[in-house]
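> Output the structure for:
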Amino acid sequence: LLQRIEDPGVCLAISEQSLDHHPNLAACHFLADYLTAHFYASLTTARRNEIQALHIGSKVLLTLPELSRGNYFHLSSRPLLMLEQLLMNMKVDWVAVAVQTLHQLLAGQEIGFTVEDIDSLLSKYAEKALNFPFTLKEKRS
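Numbers count the residues shown, from 1 in each chain. Next comes the predicted model:
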């Protein structure tokens, strides 16, 4: 349907408005991909970053088990926050796949966070996981 619209401005407006209504995951992923592929130069830098973050976030969501995607859909435009939420929920296996996906997708892109930000987040939570508070107990006779 979008390809049949002859006026690129109308096509851009329809695509952006549709994306802003946060349709289901498949539609968000398609629209973000479509906007990036066809209208990259027409978008402001801020809007470009927002759409790319949504595209990457939707890709990460697609790596999660289908029944759990709904729990994280509200974070689809904030992939780094989604990763943090997965860490907080102790979904270590999911985090491993998400990090691998993010590393692949971030190669050569600027969307407001970098691979170094991901590594920093992982280091922060790894440090917290290894922090064992303890008290020394005196031996009683």
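> Helices of the chain, residue ranges please.
Under the criterion DSSP state H, helices of the chain are mapped to 8-20, 25-39, 45-63, 69-72, 79-88, 92-106, 115-129.
> which parts of the one helix or strand in the chain whose mean pLDDT sits lowest are buried?
Taking mean pLDDT, DSSP states H and E as the measure, the chain has helix 115-129 as its least confident helix or strand, at a mean of 87. For helix 115-129, the neighbour count (16 or more other Cβ atoms under 10 Å) marks 118, 121, 125 as buried. All C-beta atoms are positioned from the backbone trio N, CA, C, and that covers glycine.
> Excluding chain neighbours, give the residue nearest to the first one in space.
When you say that, I think you mean Ile118. In space, Ile118 comes closest to Leu102 once its chain neighbours are excluded; the distance is 5.8 Å by Cβ to Cβ, 6 or more residues apart in numbering.
> Could I get the contacting residues of that neighbour?
By Cβ atoms under 8 Å, 6 or more residues apart in numbering, Leu102 lies in contact with 56, 60, 79, 83, 115, 118.
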